[in-house]
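[1] Need coordinates for the following:
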Amino acid sequence: MVAFIGMTMGLTVLFMDSPPLPHSSTTFWWYSIGEVLLLLLTIAQSWRTLNAWARSFLIQRRDRRLPLAVSPSSSSATPTVAVAMAVYNGEKFLVEQIQSILNQSHPHLHLYIRDDGSSDASRDLLRRLQERHPERITLIEDGESQLGVIGNFQRVLTFIKEWGKESYICLADQDDVWFTDKVATTLARLQITELWKGAASPVLVHSNLCVVDANLGVMDPSFWYCQHLDPGKDDLRELCLQNMVTGCTVMMNKALLEKALPIPSAALMQDWWLALVAFCFWHNSVHAPTHCDVSTVRENRYVGGKIQLWGMLFA
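    Just a heads-up that it's a prediction; the model follows:
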């Protein structure tokens, strides 16, 4: 802000101190046009900076009114969280990922899994895991296959909406490994947002994540940084052009799930659609502010929304 004000003052002094040119000279007109263009560019940039500063100020002012933590008295019982996982040929990573979900510091969660007709041993592996943890894992078997990633997730989410008793829902990919406090950290942020927005308001919370290789060696501690994503950009126009939400970090409340289903066939990715629906309801898409690297993602993961949009624009 100070830089732009200084630029404006400097340009003003420059124009005032510049020697006058003959009014009849063609150079004078070009010089005047240049002055006007520079002034307009400076005003436009200053306006953008002021607008961004004002928006940041309002968000900080709002957040200062929120409680720093969810009061234990605000809920009579610790909420149970549903975890929706869509599987297809994920045999290699499933045991590690499911174990990380079951080992969460937030103990009250239930895992809903659906296999989309894998050609490897994923389905048999899931059946064995479900038999080992029948009270914590539900395997959805509807006899259909090859629905695709969006169709697979939609079946799981629809099952949770119709049969699940949980108030909060996480999305899980088959080849991640969750940090132990992922659910607890995201749930705390979501409940704080509900205290501000109201429990009946659709809310989505997402976070940053850590990029790792197949052996969980850290390649980049920030997915946002390596993908040049700015989660603070909460303008609907920007969200329509680029998805800022990574599905495997998403937690939503039941109110959003009821609004977002069914996912339209034109949706590029389920996480993008959920973010758009949440944003349309009073900007209720929130990113976890600190210590948000609560998930991991394997190298060379296909990030569908970003790639598909550019492919459609330039195909």
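
[2] Only C-alpha atoms from now on, for both contacts and neighbour counts.
    Noted.

[3] residue contacts, the residue nearest the centre of the chain?
    Nearest to the mean C-alpha position of the chain, counting by CA atoms, centre = their mean, stands V245 at 2.2 Å. By CA atoms under 8 Å, 6 or more residues apart in numbering, the contact list for V245 reads H206, S207, P231, D271, W272, A275.

[4] I'd guessed the second one sits against V250; true?
    Yes: between S207 and V250 there is a contact under CA atoms under 8 Å: 7.3 Å.

[5] Just to check, Q174 is in contact with Q97?
    Yes: taking contacts as CA under 8 Å, Q174 lies within contact range of Q97: 6.6 Å.

[6] Quick check on those two: which one has the bigger neighbour count.
    Between Q174 and Q97, counting by other CA atoms under 10 Å, Q174 is the more crowded of the two (22 against 18).

[7] Tell me how far the more buried one lies from R132.
    18 Å (CA to CA, to the nearest Å).

[8] same deal with L126?
    Counting by CA to CA, the gap from L126 to R132 is 10 Å.

[9] Looking at those two, which one has more neighbours?
    The residue with more neighbours, out of L126 and R132, is L126; 22 against 11, by other CA under 10 Å.

[10] name the helices or strands packed onto the helix or strand hosting the more buried one?
    Under the criterion of DSSP states H and E, L126 resides in helix 122-132. Here helix 122-132 touches helix 91-102, strand 137-140, going by 3 or more CA pairs under 8 Å, 6 or more residues apart in numbering; DSSP states H and E.

[11] what would these look like in JSON lines with mean pLDDT?
    Below are these laid out as JSON lines (pLDDT from 0 to 100):
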{"stretch": "helix 91-102", "mean pLDDT": "94"}
{"stretch": "strand 137-140", "mean pLDDT": "97"}
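
[12] right, so of these, which gets closest to L41?
    L41 lies closest, by CA to CA, to one member of the helices and strands packed on helix 122-132: helix 91-102, at 51.2 Å.

[13] what does that closest one rub up against?
    Taking CA under 8 Å, 6+ apart as the rule, helix 91-102 contacts L109, D120, A121, S122, L125, Q174, D175, D176, V177, W178, F179, T180.

[14] which one of these sits closest to T193?
    When these are ranked by distance to T193 (CA to CA), L109 comes first, at 20.3 Å.

[15] Who does the closest residue to that closest one other than its chain neighbours form a beta bridge with?
    Distance criterion CA to CA, 6 or more residues apart in numbering; nearest residue to L109, sequence neighbours excluded, is V81 at 4.4 Å. For V81, the beta-bridge partners under DSSP bridges are L109, Y168.

[16] ditto for the one 4 residues further on
    Taking DSSP bridges, one finds I113, A172 as the beta-bridge partners of M85.

[17] ok, how many other residues are close to F153?
    Neighbour count for F153, taken as other CA under 10 Å: 27.

[18] can you pull the contacts of it?
    Counting by CA under 8 Å, 6+ apart, F153 makes contact with A84, M85, A86, Q270.

[19] the bottom helix or strand of the protein by mean pLDDT?
    The least trusted helix or strand in the chain, going by mean pLDDT, DSSP states H and E, turns out to be helix 304-314, with a mean of 37.
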